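1. Sequence and predicted structure below; questions after.
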Amino acid sequence: MVHQPFRWASVTKMVTAWAMLVAVEEGTVDLDGPAGPPGATLRHLLAHASGLGQEGREPIGPPGQRRIYSNTGYRILAEVLEQRSGIGWMTYVRSAVLDPLGMAATTFLPDHPSGLAAAGLTGPVGDLLRFGLELADPRLIDPSTAREATGVQFPGLAGDLPGFAHMKEDDWGLGPEVRGTKFPHWTGANNSPQTYGHFGRSGSFLWVDPVAGVLAGGLANRPFSLWASRAWPRLADALLAESADVRASGN
């Protein structure tokens, strides 16, 4: 099962974000340059704050006012990078992220209805955890860039956390979701507010708790539903407790 590929669904968005940040550091794109609807930037698109809805290219609000989860925003990110770099999206992601991290078994599903950059990756759990290690201890981008990406962008925005509830503070970074004070949530009750990650409708998830020093990821052939919203928090708390016990024992 370790080598069996599964759909990553929206966990793909964090890989897309990392590729964009590589491009930012290369000078290919500008994080605060215009992109998407009028007044929006790459930063807005990455942080689901562009005003675009889940689908469709007509904005449903002004940039920076609400947290509106948007697959379209990630499709636009891929288009922008292709235009600025002159390199196809799949080629760029493979050369900038997948190959350097040894994620050779992770491939693309170019016919994914939500779009390649939003939900198009498939691969084994080993590759998922390789990317998790990059999130936790980056080597493809500068640590300061990674800290910005995993910290809250446009703080204080309200929005709907897909599959859960409306949140008064729907914290998000540049790709990863930030746990903050959200409840209910797909991570554990004992995860720190600084925990960041993403989950997907395919039953995929990946999170890093930088305070506890723990990361966890999983893939499934069972789509996200009530089972996941119940099982994932319990699993997270069990992993955090086990890690704390190991630390306390000095092993």
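-> Thanks, I have it.

2. Do a quick rundown of the strands in the stretch 151-251 of the chain.
-> 159-160, 166-167, 177-178, 196-199, 205-209, 214-218 (DSSP state E, counting those that start in this stretch).

3. Include mean pLDDT, distance to residue 45 and mean neighbour count when you put those into TSV, please.
-> C-beta here means a position set from N, CA and C on the backbone, and glycine is covered the same way. Below are these laid out as TSV (pLDDT from 0 to 100; distance: least, C-beta to C-beta, whole Å; neighbours: other C-beta atoms under 10 Å):
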stretch	mean pLDDT	distance to residue 45	mean neighbour count
strand 159-160	96	15	16
strand 166-167	96	20	14
strand 177-178	98	15	25
strand 196-199	98	15	26
strand 205-209	98	21	25
strand 214-218	98	24	21
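
4. so who does residue 40 touch?
-> Residues near residue 40 by C-beta atoms under 8 Å, 6 or more residues apart in numbering: 34, 50, 51, 52, 59, 63.

5. same thing but 6 Å
-> When contacts are counted by C-beta atoms under 6 Å, 6 or more residues apart in numbering, residue 40 touches 50, 63.

6. just to revisit the earlier point, tabulate the strands of the stretch 151-251 of the chain (CSV), appending distance to residue 227.
-> Listed next are the strands of the stretch 151-251 of the chain as CSV, based on distance: least, C-beta to C-beta, whole Å:
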stretch, distance to residue 227
strand 159-160, 21
strand 166-167, 22
strand 177-178, 20
strand 196-199, 13
strand 205-209, 12
strand 214-218, 12
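
7. so where is the stretch 101-250 of the chain shaky, pLDDT-wise?
-> Scanning the stretch 101-250 of the chain for pLDDT under 70 picks out 113.

8. nearest residue to residue 115 other than its sequence neighbours?
-> Excluding its sequence neighbours, the residue lying closest to residue 115 (C-beta to C-beta, 6 or more residues apart in numbering) is residue 75, at 4.1 Å.

9. Which of the helices or strands spans that neighbour?
-> Here residue 75 sits within helix 71-85, counting by DSSP states H and E.

10. Any buried residues in that helix, and which?
-> Buried residues in helix 71-85, counted by 16 or more other C-beta atoms under 10 Å: 71, 72, 73, 74, 75, 76, 77, 78, 80, 81, 82, 85.

11. Extract the C-alpha set from stretch 164-174 and format it as PDB.
-> Output of stretch 164-174 as PDB, limited to C-alpha atoms (Å, rounded to 0.1, in the frame of the first residue of the first chain):
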ATOM      1  CA  PHE A 164     -17.000  21.900   7.900                       C
ATOM      2  CA  ALA A 165     -18.500  25.300   8.800                       C
ATOM      3  CA  HIS A 166     -18.400  29.100   8.500                       C
ATOM      4  CA  MET A 167     -15.400  30.500  10.300                       C
ATOM      5  CA  LYS A 168     -15.100  34.000  11.700                       C
ATOM      6  CA  GLU A 169     -11.400  33.800  11.100                       C
ATOM      7  CA  ASP A 170     -10.700  31.400   8.300                       C
ATOM      8  CA  ASP A 171      -6.900  31.600   8.400                       C
ATOM      9  CA  TRP A 172      -4.900  30.700   5.300                       C
ATOM     10  CA  GLY A 173      -1.300  31.000   4.200                       C
ATOM     11  CA  LEU A 174       0.100  30.900   0.700                       C
END
